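Undergrad: all I have is the shape, not the residue letters:
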């Protein structure tokens, strides 16, 4: 089947931003102006096309990344609208992994906000070229140029305005295109579909000349030919300037900046032009790099008739279709009814049906071409991050890394009838979301679910109840503590056990040392002279790892530690892998308790935006939660408070901050790092964690 548009006119883009910057509102206008939808769905009405989940419409936030496709100026644009809430950062992570470019949205009042920084760093991690859109320029306190300055100062990027706004705040009526040197006024009567072009207003001519010169000089710093011609007084055409900006954008040396007010239907058409002018097509990027089964590096080029290489980046459980696997095709063409090879799992699978997605709606396709994003039914064993390819030309693409969960709760079925349904529901949710982890505790019989935050787990439990019809009881949230040591310690342990027949004998001398935060675990073998046979060394390491899963101090995972095997001895008859594994585990636990163990807790970076009248009360409340105020800043008519607060003290904060501010403040938080719990508090936490489960419930 012939492709709709040439590959060089395909754009795979994501829309990313801080929560409430207007991502979904902007996407709704894009779909409307491109003719993909015939009405504008509003977030506050619960009718946004891309926020299709019940939980999204009830809360007015984006929870899951939604994919769609539209066309603009003979270009095909595949769009993924990503969440802004930090609890759903995995959705941004996996989306950026498969996208070629991104639109970074900034609030014209809030500027660069904490989650903006997070998603920007994620885009940098995957080398995704970006353009920026400064939204909400009609709001009181909006300042287009101030946000550009923040992009320079905070993100360390090189922004170049492609437009400047006409009017400010409630007087914002349109934009001036700096390259074309014309004013664009949007018509409010037909939802911004039509607009008038005219000459630059007299009172803006000096500003337009200044900023046009500024952008050309910025381009000239990166393109010597442009600079030479400009310095020689030659007139540069609009197409030449756009080509130079495009080259700099693809190299991630410049960020073209657009602006408008999505809710008031202003500036979106110019943003769409920017997507086609400056963001890359699949052919503009280097070939995707993967590995053969033997580890050798290989490349796949973006060609429809190339060797198939695709990455599964998202799993969705659909009540009608079953398991949907979202994928991006990097090379070749995916065809329905054919067999493909999951090289990650070494499994041959058959594609049942292929679909192009428009939020939750599916449009059947016979094939998905190179460079496109689609969904497949039939890949029942495929997981997030797996590579799909041709069996005769196997390749393994780089998988997707996800952050570790920081919060957990116990969940149990309300009745025996719900037991089996709960297990299936949890498995389906864990398959969809790599940051949602389910653990069963054999000692207590409890099922523990782990996630990125209170809202994350609340949404998961709500989906289990609604989509799977499971009645479940949920315990109180618990913090995912860790434990480590503070000093170097040496332990000499001998494990001797006689039981009538062959006994057990193992002897190890271990040295335990603390490592820096986030350095993990390191095992060093310093056995010399064969005092312990080589074949027992892996068992010793496994025994230590076994003990680290549930540390001896607070029954928490042990982190940031180096264990060195110094010496030991063995017995010709009684030594075994099991004996050394047991001995190493016991020695490690003794060593942990011999040195003063330390309890670590997740500390969150908290950002509160509040009217100034309530700042004092909110500061006081954060300090009462063992929080440290890191900074305060005026942003328009609001005050922004940055603080570091232990996660254990942030449960229920959403209610508290609403109460303190009469419902007018909002906050976001994300995991920053693990820090030591003060000793006096650590002892209480350890005692609580050591209580039997029934005593805790009481």
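TA: Nice, thanks for sending it over. Computed from a predicted model, the values in this text were never measured in an experiment.
Undergrad: each with direction, which strands does the biggest strand by length in the chain pair with?
TA: The longest strand of the chain (DSSP state E) is strand 597-610. Sheet pairing of strand 597-610 (DSSP bridges) gives strand 482-485 (antiparallel), strand 638-646 (antiparallel), strand 666-676 (antiparallel).
Undergrad: distance from the chain centre to whichever helix or strand comes after the second one, please.
TA: Once strand 638-646 ends, the next helix or strand along the chain (criterion: DSSP states H and E) is helix 653-660. Taking the mean of its C-alpha atoms, helix 653-660 sits 26 Å from the chain's own mean (C-alpha atoms, centre = their mean, to the nearest Å).
Undergrad: contacts for helix 653-660, please.
TA: 454, 606, 608, 610, 614, 617-618, 621, 625, 665-667, 669 (C-beta atoms under 8 Å, 6 or more residues apart in numbering). Quick note: C-beta positions are derived from backbone N, CA and C, even for glycine.
Undergrad: of those residues, just the buried ones, ChimeraX syntax please.
TA: In ChimeraX, this line selects whichever of the contacts of helix 653-660 come out buried by 16 or more other C-beta atoms under 10 Å:
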select :454,606,608,610,614,618,621,625,665,666,667,669
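Undergrad: any chance of JSON lines for the contacts of helix 653-660, columns distance to residue 489 and pLDDT?
TA: Formatted as JSON lines, the contacts of helix 653-660 follow (distance: C-beta to C-beta, whole Å; pLDDT from 0 to 100):
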{"residue": "454", "distance to residue 489": "37", "pLDDT": "78"}
{"residue": "606", "distance to residue 489": "36", "pLDDT": "88"}
{"residue": "608", "distance to residue 489": "42", "pLDDT": "87"}
{"residue": "610", "distance to residue 489": "47", "pLDDT": "86"}
{"residue": "614", "distance to residue 489": "49", "pLDDT": "90"}
{"residue": "617", "distance to residue 489": "46", "pLDDT": "93"}
{"residue": "618", "distance to residue 489": "43", "pLDDT": "93"}
{"residue": "621", "distance to residue 489": "40", "pLDDT": "93"}
{"residue": "625", "distance to residue 489": "34", "pLDDT": "91"}
{"residue": "665", "distance to residue 489": "47", "pLDDT": "79"}
{"residue": "666", "distance to residue 489": "47", "pLDDT": "75"}
{"residue": "667", "distance to residue 489": "41", "pLDDT": "79"}
{"residue": "669", "distance to residue 489": "36", "pLDDT": "75"}
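Undergrad: which of the contacts of helix 653-660 lies closest to residue 584?
TA: Residue 584 has its nearest neighbour among these in residue 454, at 38.2 Å by C-beta to C-beta.
Undergrad: for that closest one, which non-adjacent residue is spatially closest?
TA: residue 477 (6.0 Å; C-beta to C-beta, 6 or more residues apart in numbering).
Undergrad: distance of that neighbour relative to residue 649?
TA: Distance of residue 477 to residue 649, computed by C-beta to C-beta, to the nearest Å: 12 Å.
Undergrad: surely residue 438 and residue 446 touch.
TA: No - Residue 438 lies out of contact with residue 446 (C-beta atoms under 8 Å); the separation is 11.2 Å.
Undergrad: ok, and the closest non-adjacent residue to residue 193?
TA: residue 33 (6.6 Å).
Undergrad: hang on, that neighbour packs against residue 271?
TA: No - applying C-beta under 8 Å as the test, residue 33 and residue 271 come out as separate, 9.7 Å apart.
Undergrad: which one of these two has more residues nearby?
TA: Remark: of residue 33 and residue 271, residue 271 carries more neighbours, 25 against 20, as counted by other C-beta atoms under 10 Å.
Undergrad: residue contacts, the more buried one?
TA: Taking C-beta under 8 Å, 6+ apart, we find residue 271 in contact with 26, 30, 103, 131, 133, 258, 260.
Undergrad: just those: which are in strands?
TA: Going by DSSP E, the strands hold 103, 131, 133, 258 from the contacts of residue 271.
Undergrad: which strand residues bridge the first one?
TA: Listed by DSSP bridges, the beta-bridge partners for residue 103 are residue 15, residue 131.
Undergrad: roughly how far does it sit from residue 279?
TA: Per C-beta to C-beta, residue 103 is found 8 Å from residue 279.
Undergrad: need the overlap of contacts for those two.
TA: Applying C-beta under 8 Å, 6+ apart, one finds that residue 103 and residue 279 are jointly contacted by 13, 131.
Undergrad: list of residues touching the host helix or strand of residue 242?
TA: Secondary-structure assignment from DSSP H and E places residue 242 in helix 238-250. For helix 238-250, contacts defined as C-beta under 8 Å, 6+ apart pick out 129-131, 160, 162, 179-180, 215-216, 219, 222-223, 226, 254-256, 277-280, 284-285.
Undergrad: among those residues, name the buried ones.
TA: Using 16+ other C-beta under 10 Å as the burial test, the contacts of helix 238-250 include 129-131, 160, 162, 179, 215-216, 219, 222-223, 226, 254-256, 277-280, 284-285 as buried.
Undergrad: of those, which belong to strands?
TA: Under the assignment DSSP E, the buried ones among the contacts of helix 238-250 contribute 130-131, 160, 255-256 to strands.
Undergrad: what would those residues look like in TSV with pLDDT?
TA: Below are these laid out as TSV (pLDDT from 0 to 100):
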residue	pLDDT
130	94
131	95
160	94
255	95
256	96
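Undergrad: most widely separated two among those residues?
TA: Using C-beta to C-beta, the pair of those lying farthest apart is 130 and 160, separated by 12.0 Å.
Undergrad: which residues do those two both contact?
TA: Counting by C-beta under 8 Å, 6+ apart, the shared contacts of residue 130 and residue 160 are residue 255.
Undergrad: for residue 228, see how far away the closest residue to residue 231 other than its chain neighbours is.
TA: The shortest distance from residue 231 to any non-neighbouring residue, by C-beta to C-beta, 6+ apart, is to residue 220 (7.9 Å). Residue 220 is 8 Å from residue 228, where distance means C-beta to C-beta.
Undergrad: neighbour-wise, which of those two wins?
TA: Using other C-beta under 10 Å, the more surrounded residue of residue 220 and residue 228 is residue 220, with 18 against 11.
Undergrad: show me the contacts for that one.
TA: So residue 220 contacts 226-227, 230-231 (C-beta under 8 Å, 6+ apart).
Undergrad: cool, residue 331 as well?
TA: 288, 300-303, 306-309, 370.
Undergrad: adding neighbour count and secondary structure, write those residues out as a markdown table.
TA: Below are the contacts of residue 331 laid out as a markdown table (neighbours: other C-beta atoms under 10 Å; DSSP: H, G, I helix; E, B strand; the rest coil):
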| residue | neighbour count | secondary structure |
| --- | --- | --- |
| 288 | 20 | strand |
| 300 | 22 | strand |
| 301 | 16 | coil |
| 302 | 24 | coil |
| 303 | 16 | coil |
| 306 | 18 | coil |
| 307 | 16 | coil |
| 308 | 23 | coil |
| 309 | 29 | strand |
| 370 | 26 | coil |
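Undergrad: thinking again about what came up before, ok, and the most crowded of the ones in strands among the contacts of residue 271?
TA: Highest neighbour count within the ones in strands among the contacts of residue 271: residue 133, with 27 neighbours (other C-beta under 10 Å).
Undergrad: ok, now how distant is that one from residue 222?
TA: From residue 133 over to residue 222 the distance is 22 Å, taken as C-beta to C-beta.
Undergrad: picking that back up, for the ones in strands among the contacts of residue 271, which one is nearest residue 503?
TA: For the ones in strands among the contacts of residue 271, the nearest to residue 503 is residue 103 (68.4 Å; C-beta to C-beta).
Undergrad: surely that closest one meets residue 14?
TA: Yes - with contact defined as C-beta under 8 Å, residue 103 counts as touching residue 14 (7.3 Å).
Undergrad: for residue 106, give me phi and psi.
TA: When quoted as degrees, to the nearest 10, the phi and psi of residue 106 stand at phi -130, psi 140.
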